[in-house]
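*Asks:* Quick one, structure for this:
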Amino acid sequence: MSSSNNANEARYVKPGWFTKYVFNNFVQALTSIGISVWGSRTLYVRGRVSGELRSNPVNLLAVDDQNYLVAPRGETQWVKNLRFQKNGELRVGRKVQSFDATELSDAEKTEILRAYLKRWKAEVGIFFDGVSANSPQNDLERIAPNHPVFRLTFN
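*Replies:* Now for the predicted structure:
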């Protein structure tokens, strides 16, 4: 696991071999045949440079009738592409949901991060620097800059 050490650089935690080549492929394969694993979806977004359609497994979080994507690993390629394109698709099997994405400010993220950790801490907790759903507000505020969050509006 590596992350950025320079305070001016965006944080990114690179996936290990097992996650990259086994776990993500397994979840994406299940999702592609219509089996959602705890809210899993396959995100499709066009590459900001290539224009090619890129895919990545993600967890769709619903909070108060709103839907969100959280980047536990930080500034991933899908985050950079979604920032640039501002839209994409989520798929489970043959079900396709097109959406527009709005990135949240750090101040808007804390309760979304709390909800995300409540649901998926066992899977992604290692990326949140010891912060959990039960952590004090100031801990969530501290980690918010490291985890991009997008509010989705389905078309």
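*Asks:* where does the chain have low pLDDT?
*Replies:* 1-9, 13, 15-24, 35, 37 (pLDDT under 70).
*Asks:* again, only this time at 50
*Replies:* Scanning the chain for pLDDT under 50 picks out 1-8.
*Asks:* Against which helices or strands is the longest helix along it packed?
*Replies:* Longest helix in the chain, counting residues (DSSP state H): helix 106-124. Packing partners of helix 106-124 (3 or more CB pairs under 8 Å, 6 or more residues apart in numbering; DSSP states H and E): strand 53-63, strand 66-70, helix 137-143, strand 149-154. Where C-beta positions appear, they are placed from N, C-alpha and C, glycine not excepted.
*Asks:* In contact with residue 94, which residues are there?
*Replies:* residue 34 (CB atoms under 8 Å, 6 or more residues apart in numbering).
*Asks:* actually residue 80, sorry about that
*Replies:* Residues in contact with residue 80, defined by CB under 8 Å, 6+ apart, are residue 48.
*Asks:* Run the chain-centre distance for the helix or strand where it lies.
*Replies:* Secondary structure from DSSP states H and E places residue 80 in helix 77-85. Its chain's C-alpha centre and that of helix 77-85 lie 11 Å apart, by CA atoms, centre = their mean, to the nearest Å.
*Asks:* Which positions in it come out as buried?
*Replies:* By neighbour count on 16 or more other CB atoms under 10 Å, the buried set for helix 77-85 is 78-82, 85.
*Asks:* got the CA positions of that helix in PDB?
*Replies:* The C-alpha coordinates for helix 77-85 follow below in PDB (Å, rounded to 0.1, in the frame of the first residue of the first chain):
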ATOM      1  CA  GLN A  77      -8.300   7.400 -12.000                       C
ATOM      2  CA  TRP A  78     -12.100   7.100 -11.900                       C
ATOM      3  CA  VAL A  79     -12.200  10.100  -9.600                       C
ATOM      4  CA  LYS A  80     -10.100  12.200 -12.000                       C
ATOM      5  CA  ASN A  81     -12.200  11.000 -15.000                       C
ATOM      6  CA  LEU A  82     -15.500  11.700 -13.200                       C
ATOM      7  CA  ARG A  83     -14.400  15.200 -12.200                       C
ATOM      8  CA  PHE A  84     -13.600  15.900 -15.800                       C
ATOM      9  CA  GLN A  85     -16.700  14.300 -17.400                       C
END
